[in-house]
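Undergrad: I would like to see how this sequence folds:
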Amino acid sequence: MNLVIVESPTKARTIGKFLGPDYIIRASMGHVMDLPKSKIGIDFEHDFAPLYETVADKKQIIADLKSQAKNASQIILATDPDREGEAIASSVAKILGDKKDEFKRIVFHEITKEAIDEALKSPRKIDRNLVDAQTARRVLDRLVGYKLSPLLWKKVRRGLSAGRVQSVALRLIVEREREIEKFGKEKYYTITAVMVNSKLKTQNSKLDETTFELIEIDNQKIEVPKTFDLYDGQYKITKTNIDGLEKAQKIAQDLKTKTFKVLDVLQKQAKRSPWAPYTTSTLQQDASRRLGINGKRTMSLAQKLYEEGYITYHRTDSVTISASAVLSIINFVKKEYGEKYVPATPRFYSVKQKLAQEAHEAIRPTKASVLVPQVTRDLGGAYGKLYDLIWKRAVASQMSDAIVESTVVLVDANPYKLKANGSVLVFDGFLKVNPLGMTDSRLPGFVKDEKLDLVSALEKEHETLPPPRYNDASIIKTLEEKGIGRPSTYATIISTIEYRSYIERQEGRFVPTAVGIAVNDFLVTNFSDIDDIPFTALMEDEFDQIADGQIKWAPMIKDFYTPFEKKLKEVEGAERIKIPTEETNEKCPTCGSPLLVRSGKFGKFLACSAFPKCKFTKAYTEETDQICPKDGGKIIIKKTRKGRKFYGCSNYPKCTFAAWKLEDIKNANPQSVRNEKQSK
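TA: Numbering: from 1, shown residues only. Presented below is the predicted three-dimensional model:
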């Protein structure tokens, strides 16, 4: 009898479908050994060795594993194909003791019969380098967390905690908030002119009108002032030619006196290629943007899809697809959409940043022929929506280019030059399955040197925008670009600092709380070497070197801890940081002193400013300017048990109206709500 050990019951059940009666599959339910919660669990006298203990609630599971192992002819460790999976396999082997000769480690990146059979043909031993890399990360994070957190209790507030990677993510969010606060808004103006070719005018003249934008005055290009570039995350500082309303109005009036002639009509066809299949990072970013779900939820859904055998392993920074999978997708495309949608040669993708420890394939469906309705029927709508993203991205990656014809029309009205842009989709290619909302913007048939009639010329006022606050997609993108964390950690990083109330969500974007700002400022001031982006990225590089067998993990930890320990002692004498309080117009009912908004372990609350003489406190209610569409009460901001904010009526429980977004309140129909109430 062969014993196969995996992490979860779902994975065990799926694998069980492909193995015969000679195999028994058991789930370890994650780690069977871990560092203790009550103490640091590091042996400083013996090269920082982790003092792992058996997980308390796993005794029954371990007993079952040992019982099954006694009669097993061989023990197959089939945990996930990453460092954590390798560490789980190692701890299971340690728990089972003297059966070392029978341990066989297999890895696979999809749970299909073909993948399982192939893995069983080529078992290997546990990779100690991968285990050491995971050990190094675990030990380093434990040292930082258990040594810094007590210091935060003394210098900021009791109950706080610090994490190595989470602190850097918090720093990014705090620094972005400060960029926004110091951003100086500037007004600027643009000029547009609506024109038409009178010779080609039809009865519905509106269809023939084209809007042109003023781009030059006296051969001087019109620039936009200081603004934030969403693509490269940098400020672009330029000066505007039209910096006042009077000047803008004068130009618009002057345009009405000009003669307009088409200077040139530029047309060209451009190919648009499909994106690479998803990695963990890009999947989380797209799920946030297109489905409105956070990284933690995305990874939970993907975990189930993987364990049920619908997608390949979902913790990966690779964009490659196996040759057999490429051929399968191409055959599917050819059958479903025709030969013209198949590229001349298969597509292969690569990424600029180096690939690290994770799986060796991108996230893709295990079978292109399995469509969304089947997944939705088997697992539910949420899983179907995420599978839809993964399926479209992977299938589109092996399809033909889309062909877009772009048109630029330049118009001369000396000393002004104007421009209009248009584009038409000539061939949809990969957009057939992954359209992404692309629409045509067709221009009328302009001819060089023809004259145009002016319909209107208008000035429009704009205001430069500060950099946007981070959301799930943008913070994950930034963490990946800066080398902070790895695919399996992005969701945990965000959820951890959100759970600690260091940040909160406002309309889907992250805002640091007073506590978060205080913690960040303390760490940046006193531990700039640790709470530093390049340093944190360097640590990730060293983890990779350990995984590759280039360096040993204990000396790496020692190089970190020696100066860190010295710094801890120095900071003992640092000044305590005060968490800012927010004044209110309310008076304390006990002593009459003003009430202040303070931040605690469970969020904001109201407290008397005369503390500690007066210890009055009460719950903090954050009001909005919205009115409940159900009974006319005030809409206030509330939190779920898991800390997610939502909008609810202040008259709860008499009124149970609730909404996740402000738009949902504004779009609610009061009359239909009243009618529904009356009918009941």
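
Undergrad: could you use CA atoms for every contact and neighbour count after this?
TA: Will do.

Undergrad: how about residues contacting stretch 121-140?
TA: 42, 48, 50, 82-84, 86-87, 89-90, 103-107, 543-544, 546-549, 553-554, 557 (CA atoms under 8 Å, 6 or more residues apart in numbering).

Undergrad: inside strands: which ones of those residues?
TA: Of the contacts of stretch 121-140, the ones assigned to strands by DSSP state E are 42, 50, 103-105.

Undergrad: mind putting these in TSV, neighbour count, distance to V265 and pLDDT included?
TA: Converted to TSV, the ones in strands among the contacts of stretch 121-140 look like this (neighbours: other CA atoms under 10 Å; distance: CA to CA, whole Å; pLDDT from 0 to 100):
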residue	neighbour count	distance to V265	pLDDT
I42	18	71	96
P50	20	70	96
F103	24	71	89
K104	20	68	93
R105	23	64	96
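
Undergrad: what's the farthest-apart pair in the residues you listed?
TA: Farthest apart among these by CA to CA are I42 and K104. That separation is 29.3 Å.

Undergrad: what are the phi and psi values for K639?
TA: When read as degrees, to the nearest 10, the backbone of K639 gives phi -130, psi 140.

Undergrad: was I right about it contacting K645?
TA: Yes: counting by CA atoms under 8 Å, K639 does reach K645; the two are 4.4 Å apart.

Undergrad: the two: which has the busier surroundings?
TA: Each of K639 and K645 has its neighbours counted (other CA atoms under 10 Å); K645 has more, 19 against 12.

Undergrad: now the strand or helix carrying D64: mean pLDDT?
TA: Using DSSP states H and E, D64 maps to helix 59-70. Average pLDDT, helix 59-70: 93.

Undergrad: how about that helix: buried residues?
TA: The neighbour-count check on helix 59-70 (16 or more other CA atoms under 10 Å) flags 62, 65-66, 68-69 as buried.

Undergrad: what does stretch 373-386 give?
TA: 375-376, 382-386.

Undergrad: and stretch 24-32, by the same measure?
TA: Buried residues in stretch 24-32 (16+ other CA under 10 Å): 24-28, 30-32.

Undergrad: give me the subset of those residues that lies in strands.
TA: Filtering the buried residues of stretch 24-32 for strands - DSSP E - leaves 24-27.

Undergrad: keeping just the C-alphas, turn the helix or strand containing A325 into CSV.
TA: Here A325, judged by DSSP H and E, is contained in helix 323-337. C-alpha atoms of helix 323-337 as CSV (Å, rounded to 0.1, in the frame of the first residue of the first chain):
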residue,chain,number,x,y,z
ALA,A,323,4.7,22.8,-24.7
SER,A,324,1.9,20.3,-24.4
ALA,A,325,-0.4,23.0,-22.9
VAL,A,326,0.4,25.4,-25.7
LEU,A,327,-0.4,22.8,-28.3
SER,A,328,-3.7,22.0,-26.5
ILE,A,329,-4.7,25.6,-26.5
ILE,A,330,-3.8,26.2,-30.1
ASN,A,331,-5.8,23.1,-31.2
PHE,A,332,-8.8,24.4,-29.2
VAL,A,333,-8.5,27.9,-30.8
LYS,A,334,-8.3,26.4,-34.3
LYS,A,335,-11.4,24.2,-33.7
GLU,A,336,-13.5,26.9,-32.0
TYR,A,337,-12.5,30.0,-33.9
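
Undergrad: what's the closest non-adjacent residue to I40?
TA: Y146 (6.2 Å; CA to CA, 6 or more residues apart in numbering).

Undergrad: got the phi/psi numbers for that neighbour?
TA: Dihedral angles for Y146 - degrees, to the nearest 10 - are phi -80, psi -20.

Undergrad: test my guess that it contacts S38.
TA: No: taking CA under 8 Å as the definition, Y146 is not a contact partner of S38, at 10.2 Å.

Undergrad: the more surrounded of these two?
TA: Y146 (16 against 6).

Undergrad: D440 - nearest residue in space that isn't next to it in sequence?
TA: Counting by CA to CA, 6+ apart, the residue nearest D440 is V424, at 4.9 Å.

Undergrad: against L263, how distant is that neighbour?
TA: 21 Å (CA to CA, to the nearest Å).

Undergrad: now D243
TA: 27 Å.

Undergrad: and G573, how many neighbours does it have?
TA: Using other CA under 10 Å: G573 sits among 9 other residues.

Undergrad: list the contacts of it.
TA: Taking CA under 8 Å, 6+ apart, one finds nothing in contact with G573.

Undergrad: for the protein, which helix or strand comes out least confident on mean pLDDT?
TA: helix 670-679 (a mean of 44; mean pLDDT, DSSP states H and E).

Undergrad: wait, what's in contact with I24?
TA: 1-4, 16.

Undergrad: retrieve the pLDDT associated with it.
TA: 95.

Undergrad: if it is in a bridge, with which residues?
TA: L3 (DSSP bridges).

Undergrad: mind listing the helices for the stretch 501-650 of the chain?
TA: 514-526, 533-547, 553-571 (DSSP state H, counting those that start in this stretch).

Undergrad: pull the first one out as CSV, backbone CA atoms only.
TA: What that stands for is helix 514-526. Extracted in CSV, the C-alpha atoms of helix 514-526 (Å, rounded to 0.1, in the frame of the first residue of the first chain):
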residue,chain,number,x,y,z
ALA,A,514,-3.3,57.5,13.0
VAL,A,515,-1.9,54.4,14.6
GLY,A,516,-0.4,53.2,11.3
ILE,A,517,1.3,56.6,10.8
ALA,A,518,2.7,56.5,14.3
VAL,A,519,4.1,53.0,13.9
ASN,A,520,5.6,53.9,10.5
ASP,A,521,7.2,57.0,11.8
PHE,A,522,8.7,55.2,14.7
LEU,A,523,10.2,52.4,12.5
VAL,A,524,11.4,54.8,9.8
THR,A,525,13.1,57.0,12.4
ASN,A,526,14.7,54.3,14.5
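
Undergrad: could you list the residues in contact with the helix holding D64?
TA: Counting by CA under 8 Å, 6+ apart, 3, 26, 28, 32, 75, 95-96 sit against helix 59-70.

Undergrad: looking at the residues you listed, which is nearest A169?
TA: V32 (29.6 Å).

Undergrad: skip the chain neighbours and tell me the closest residue to the closest one.
TA: Closest to V32 by CA to CA, 6+ apart is V55, at 5.5 Å.
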